[in-house]
Every structure is written in C-alpha cells, then in structure tokens.
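Trainee: pasting the sequence and the predicted coordinates here, then a few questions.
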Amino acid sequence: MSVLRGFLWLLGFLLLGQTGVELLDLPMPSGVIGMLLLALWFLYRGRMNDDIVHVSQPLIAMLALLIMPGVVEIFFIAGRYAHQWPAILIALIVGTLLSVLSSLLLMRRYLPPATEAPAHE
Amino acid sequence: MNEWLSRLASLPQSWFETPVAAIALTLGAYFAGIQVFKLMRRPSWCPPMLIAALLIAAVIAVLPVGVEDYNRGAAWLMLLLGPATVALAVPLYQQLPQIRALWKPILLTLPLSATLAALYAVAIAALLGAPVEILASLAPKSVTSPIAMGLTRELGGSTALLMGALVITGVTAIFGVEWLCRLLRIRDPRLIGLALGINGHALGTVRAFEISSVAGAFASLGMSLTGTFTAVALPLVWHLFF
C-alpha cells in the first residue's frame, strides 16, 4: 500500500507541475516542475515522505526501460534522415567526447580535492 | 480449417489492439536484452537497452503489425515517465548536503558543462549543414529522457530522432569518461560521477552506480541539475536564434 500511496503523491505533484506550466505558460515539461516542487516540499518539511521514497526507487530504476519504446521507432524512420546520418553521428560522437573532456577539465580545475573527512564544510 | 487459419493469421493484429501485447513485448525484450548483455560480457558500447530496442524492432518487423501499433500500446508504459521524473526529487533532496558543501564549484562548472554539452553537438551539426528540425532533436541530447522529450517537442524536433541521439550520446559519454579519465589520471569518484551524469544522462548514471555509490550519487546530481538547467535555459536561448 505504501508504494501506491507514494505513487499517488507523485501523480499529485505531476498534476501540480502541469497546473503551474499551464497557468504560468512555462516552457518546461510538467514533470520537471513537479520534481522541483516536490524537492521544495521536502525542504519545507525537512524530511522525505517514506511512501515517496519507496515508490521512487523502482521508478528511477525503470528509467532505462521507459526510454526503450521511444528508441524502437528510429529503426523504422532511419531512412527519412538518410542524407543527414553522417552529420548527426559526427555531431553526437565528436560533440559528446568534447563535452566530456571539457567538463572533466573544468571540474578537475574547480572541485576541491576529496579529503578523508570534510571537516571544514 | 481455412477459417481457423485466417483467424490464426489475424491474431497478431488483435493482440496489438489493446496495450497488453506491446507492454509484454517491451518487458520481455528488456529482460532478454539484459541476458544477452551479460552473455556478451557487458560491452560498454552496447547497453542492454539498445539490444532490447533492436529485439522489439525485429519482432515488429516479422509480425504483420506496424510500429504505430506498437507505439500506441507502449505509450501506456511511457506514461510512467511523468511520475518517474517527479521521483527524481528524491535523489536530488538526498544530495542536498553535498550540493550545499560544493555549491560554489558546482555552480561555476555545471551550467557551463551543460551548455557545452548541447552547444558542441548543435554547432557541429549546423556546420555540417543539418536542418533546424535535426538541430532541435539533437540539442537536448545530454538531458534525461522525460525532460528531453518535452524539450524537443517544445523546440519542434523529432522525438524518435532524439531518442536515437540519447542512446548514442549515453554510450559515447560512458566510453569517453572511462577513456579520458584513464588518460588524465582522474580517479575521484565525485568527478567521474558528475561527468557521467552531466554528459550521459540516465545511461551514464546507471553506469556510475555500477562504479561506486558515491559516483552514482554525484551522477544523479549531475543528471538532475543538467536536466533542470537545460529545461530552463535551452528554450529561452533557442527562441533567440530560431
């Protein structure tokens, strides 16, 4: 029952997010607003609701499964982008390698080295 | 006898009239994908999800049903993407102490990293002459899928193409982080996790949890912050140019 109660909470915050998106005409997905509102709600309460924690673990573990059905269609419409595939692949592979390199270098430069005990923070 | 055969022939179509067959096919392919992935000794260039998607595509190609029939049923399963996005508030809240302790360096590097993740790909594709529809499908490539799908619809891109881009990006990011960390002698799990989450969204985060729980925590932090930042910034910047 705990999982179902948690699921109801998530649906409630999803609807709240959708309400915010539509009323304020925000250019963002309802889920993101719902996520931010829920994080703010946790902050306000000072702790997390156990029901939500229980349902969030399996849902987050399912993310890869939930992406999958969307990937299937690409094999059937690949022909539509026939001329563009070299550009798309080069952009994705070179672009991702470059962005991995720059984020690693940036963070190595600015992230303080890990200490055994973070005593000063 | 003939009547019986024709009933047998129309069976696949009647299966896909309700979402049951599409959902069963998706779950079955998911577990089969994980099995095949283990048999192939966990290749980092081919995540179980890609194997599963190929299996589904093969089954649909063999059966007398179209990809639209499958999509209609699978949409029921993908409804869960909404609550799953909201659920990301849990890791986000769990990592608040770490965010607070490191807010300055993270604030300094994350928006820039997230911007570069989108910018490099869009710039390269634009230079190679790709039309706007393709640029709009590539721009959210480093963002976790529920946010990315909302974004690409907002920008006018193709969801199917975006999903392909997400998989290629995730696989490249995992490969790139492991390769470049060896090259640059980076062993800090916080750094490896952040790089995986920022560049490789959910796929990178799943990989980071395999490395260590610290890397996983920082990867989900990187993934949620990149998703949030890009969701706010990308539509605003995009409408300045297109």
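Mentor: Right, received. Where do you want to start?
Trainee: any idea which helix is longest in chain B?
Mentor: Using DSSP state H to define each element, chain B has its longest helix at helix B:213-241.
Trainee: so what does that helix touch, helix or strand wise?
Mentor: Here helix B:213-241 touches helix A:30-45, helix B:89-94, helix B:96-101, helix B:103-127, helix B:145-155, helix B:189-211, going by 3 or more CB pairs under 8 Å, 6 or more residues apart in numbering or on different chains; DSSP states H and E. Just so you know, the C-beta spots here come from the backbone N, C-alpha and C atoms, and that holds for glycine as well.
Trainee: what about the fourth one, near chain A?
Mentor: Yes - shown here: helix B:103-127 in contact with chain A (CB under 8 Å from any CB of the partner chain) through B:105, B:108-109, B:112-113, B:116-117, B:120-125.
Trainee: list the buried residues of the one helix or strand B:Ser6 maps to.
Mentor: Applying DSSP states H and E as the criterion places B:Ser6 in helix B:2-9. For helix B:2-9, burial by neighbour count (16 or more other CB atoms under 10 Å in any protein chain shown) applies to no residue.
Trainee: and for stretch B:71-91?
Mentor: Under the neighbour-count criterion of 16+ other CB under 10 Å, stretch B:71-91 has B:71, B:73-74, B:77-78, B:80-91 buried.
Trainee: got the end-to-end distance for it?
Mentor: 30 Å (CA to CA, to the nearest Å).
Trainee: got the contact list for B:Pro235?
Mentor: Contacts for B:Pro235 (CB atoms under 8 Å, 6 or more residues apart in numbering or on different chains) come out as A:Pro27, A:Met28, B:Leu151, B:Glu154, B:Leu155.
Trainee: skip the chain neighbours and tell me the closest residue to the third one.
Mentor: What that stands for is B:Leu151. B:Pro140 (4.2 Å; CB to CB, 6 or more residues apart in numbering or on different chains).
Trainee: hmm, the helix or strand of chain B with the lowest mean pLDDT touching chain A?
Mentor: The helix or strand of chain B with the poorest confidence is helix B:96-101; it has a mean of 78 (mean pLDDT, DSSP states H and E). Yes - residues of helix B:96-101 contacting chain A under CB under 8 Å from any CB: B:Leu96, B:Arg100, B:Ala101.
Trainee: longest single helix anywhere in chain A?
Mentor: Under DSSP H, chain A gives helix A:85-110 as its longest helix.
Trainee: what's the mean pLDDT across that one?
Mentor: For helix A:85-110, the mean pLDDT works out to 91.
Trainee: before we move on, what about stretch B:229-242?
Mentor: Rounded mean pLDDT across stretch B:229-242 is 86.
Trainee: quick one: the helix or strand that contains B:Asn71 near chain A?
Mentor: Taking DSSP H and E as the criterion, the element that holds B:Asn71 is helix B:67-78. Yes - judged by CB under 8 Å from any CB, helix B:67-78 comes into contact with chain A through B:Val67, B:Tyr70, B:Asn71, B:Ala74, B:Ala75, B:Leu77, B:Met78.
Trainee: can you name the element that comes right after that helix?
Mentor: Criterion used, DSSP H and E; the element after helix B:67-78 is helix B:81-87.
Trainee: list every C-alpha atom in that following helix, with coordinates, as PDB.
Mentor: Output in PDB follows, covering the C-alpha atoms of helix B:81-87 (Å, rounded to 0.1, in the frame of the first residue of the first chain):
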ATOM      1  CA  LEU B  81       7.900   8.800 -17.400                       C
ATOM      2  CA  GLY B  82       6.000  11.600 -15.800                       C
ATOM      3  CA  PRO B  83       5.900  10.200 -12.300                       C
ATOM      4  CA  ALA B  84       9.500   8.900 -12.800                       C
ATOM      5  CA  THR B  85      10.700  12.400 -13.500                       C
ATOM      6  CA  VAL B  86       8.900  13.700 -10.300                       C
ATOM      7  CA  ALA B  87      10.600  10.800  -8.400                       C
END
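Trainee: which neighbouring elements make contact with it?
Mentor: For helix B:81-87, the packing partners by 3+ CB pairs under 8 Å, 6+ apart come out as helix A:2-24, helix A:30-45, helix A:50-61, helix A:63-72, helix B:145-155.
Trainee: any chance of the backbone angles for B:Thr144?
Mentor: Dihedral angles of B:Thr144 (phi, psi; degrees, to the nearest 10) stand at phi -60, psi 140.
Trainee: the nearest residue to it once chain neighbours are set aside: neighbour count?
Mentor: Sequence neighbours aside, B:His201 is the residue nearest to B:Thr144 in space, at 4.5 Å (criterion: CB to CB, 6+ apart). For B:His201, the count of nearby residues is 30 (other CB atoms under 10 Å in any protein chain shown).
Trainee: state the distance from the residue nearest the centre of chain A to B:Leu5.
Mentor: In chain A, the centroid-proximal residue (CA atoms, centre = their mean) is A:Val32; its distance is 7.9 Å. From A:Val32 across to B:Leu5, the span is 51 Å (CB to CB, to the nearest Å).
Trainee: show the contacting residues for residue 18.
Mentor: Just so you know, I chose chain A. Neighbour list for A:Gln18: A:Ser30, A:Ile33, A:Gly34 [criterion: CB under 8 Å, 6+ apart].
Trainee: wait, chain B
Mentor: Residues in contact with B:Thr18, defined by CB under 8 Å, 6+ apart, are B:Gly73.
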